[in-house]
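J.: Below are the sequence and a predicted model; questions follow.
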Amino acid sequence: MAIHPTAIIDPAARIHPEAEIGPFCVIGAEVEIGARTRLMGQIFVEGPTWIGEDNIFYPFASIGVASQDLKYHGERTETRIGSRNKVREFVTIHRGTEGGGSLTVIGDDNLLMAYAHIAHDANIGSHCILGNAVTLAGHVTIGDWAIVEAFSGVHQFCRIGQHAFVGGYSVLTRDVLPYSQTVTPRESRVFGANKVGLKRRGFEPETIDGLHKSFRLLGSDTLNTTQAIEQINSEVPPSPQVDELIEFIRSAQRGFIK
C-alpha cells in the first residue's frame with residue numbers, strides 16, 4: 001500500500017492495498033477507500049464515508065465533513081462516492097443530515113472542478129461535470145450527464161434533469177428540465193434542447209427535434225403549461241425522452257425554468 005509517512009490515518013479506516021495516500025492526508029474512522037483510488041496530498045476525509053475505485057482527489061479537497069446546516073447536531077450520517085471520479089482542488093463535499101435522508105451521494109465518472117461545493121443530502125448521478133466554484137445547496141439532485149458551468153449556484157431542493165446543460169454564472173431557484181439548455185443573463189431561461197450535448201451522446205435526430213419542439217411549446221407566450229403539455233402530446237412524436245420531460249414537469253415542487 002502506498003501511504004506517505006506524513007499521512008494520518010485512523011486505525012478504523014479501511015484502505016484497499018492498491019489505493020494511494022499522499023503526503024499530509026488525514027483520514028478518519030469509518031472511511032473506506034477502494035482500489036486504485038488516489039489521494040494526491042493534503043486531503044481531509046471524515047467518516048462515515050465510502051469511496052469506490054479509480055478515483056483521484058487533488059490537493060486540499062475536504063470530503064465527508066459535517067454539514068453547515070444548523071439543524072445538524074452530530075447524528076450519524078454518511079457520504080458515498082462511486083468510482084472513476086475526478087475531484088479537483090478545494091472541492092468540499094458534506095455528509096447528509098437526518099432531515100434529508102442522512103446521505104450525500106455522488107455516482108461514477110464525474111468531474112468536480114476546483115472549489116465546487118456539494119452540500120448535505122445532495123444526490124449527483126454519473127457522468128456529470130460541475131464547473132469551477134459551482135455551489136449546490138442541500139438536497140439538490142442532479143441527473144446523469146448533466147453539465148453545470150462555472151460559478152453557478154443551485155437553491156436547496158432543486159433538481160437538474162439528466163443531459164441538461166446549465167450555462168455559467170446561473171442562479172437556479174427552480175428545477176432545470178432534463179435535456180434542456182439553460183443560460184442566465186439575469187434570470188434563468190430555457191433556450192431550447194441541449195442539441196450539441198445530445199448529438200454527442202448518440203441521441204437520434206428525431207428525438208432531439210421532438211425535444212426541441214417540446215421546449216418551444218413550453219416557452220410559448222400564448223400557452224400555459226397545461227396547454228403546452230396537451231399540444232406536446234398531440235403534436236410531438238412520442239419518445240421515452242419526451243415522456244420523461246412531461247413527468248419531470250408534473251412532479252416539480254418548486255416550479256421549473258421556462
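T.: Nice, I can see it. Residues are numbered from 1 along each chain as shown.
J.: How far off centre is the helix-or-strand element of the chain with minimal mean pLDDT?
T.: Least confident helix or strand, the chain: strand 189-193 with a mean of 74, by mean pLDDT, DSSP states H and E. Strand 189-193 sits 20 Å away from the centroid of its parent chain (C-alpha atoms, centre = their mean, to the nearest Å).
J.: now for that strand, which elements pack on it?
T.: strand 180-183, helix 205-218 (3 or more C-beta pairs under 8 Å, 6 or more residues apart in numbering; DSSP states H and E). Any C-beta I mention is one placed from the backbone N, CA and C, and that applies to glycine too.
J.: And what about the closest residue to residue 118 other than its chain neighbours, helix, strand or coil?
T.: If the residues on either side of it in the chain are set aside, residue 118 comes closest to residue 93, at 4.4 Å by C-beta to C-beta, 6 or more residues apart in numbering. Under DSSP: H, G, I helix; E, B strand; the rest coil, residue 93 falls in the strand class.
J.: Neighbours of residue 93, how many?
T.: When neighbours are defined as other C-beta atoms under 10 Å, residue 93 has 26 of them.
J.: Then residue 45?
T.: Neighbours of residue 45 (other C-beta under 10 Å): 26.
J.: and if you look at residue 40?
T.: For residue 40, the count of nearby residues is 18 (other C-beta under 10 Å).
J.: got it, and residue 158?
T.: 24.
J.: so it sits right up against residue 142, yeah?
T.: No - Residue 158 is not in contact with residue 142 according to C-beta atoms under 8 Å; the separation is 9.3 Å.
J.: one step back: which parts of whichever helix or strand comes after the least confident helix or strand of the chain are buried?
T.: Next in sequence after strand 189-193, counting helices and strands by DSSP states H and E, comes helix 195-200. Residues of helix 195-200 classed as buried under the neighbour-count rule (16 or more other C-beta atoms under 10 Å) are 195, 197, 198.
J.: Those residues into TSV, with extra columns for distance to residue 67?
T.: TSV is the format used below for those (distance: C-beta to C-beta, whole Å):
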residue	distance to residue 67
195	38
197	32
198	35
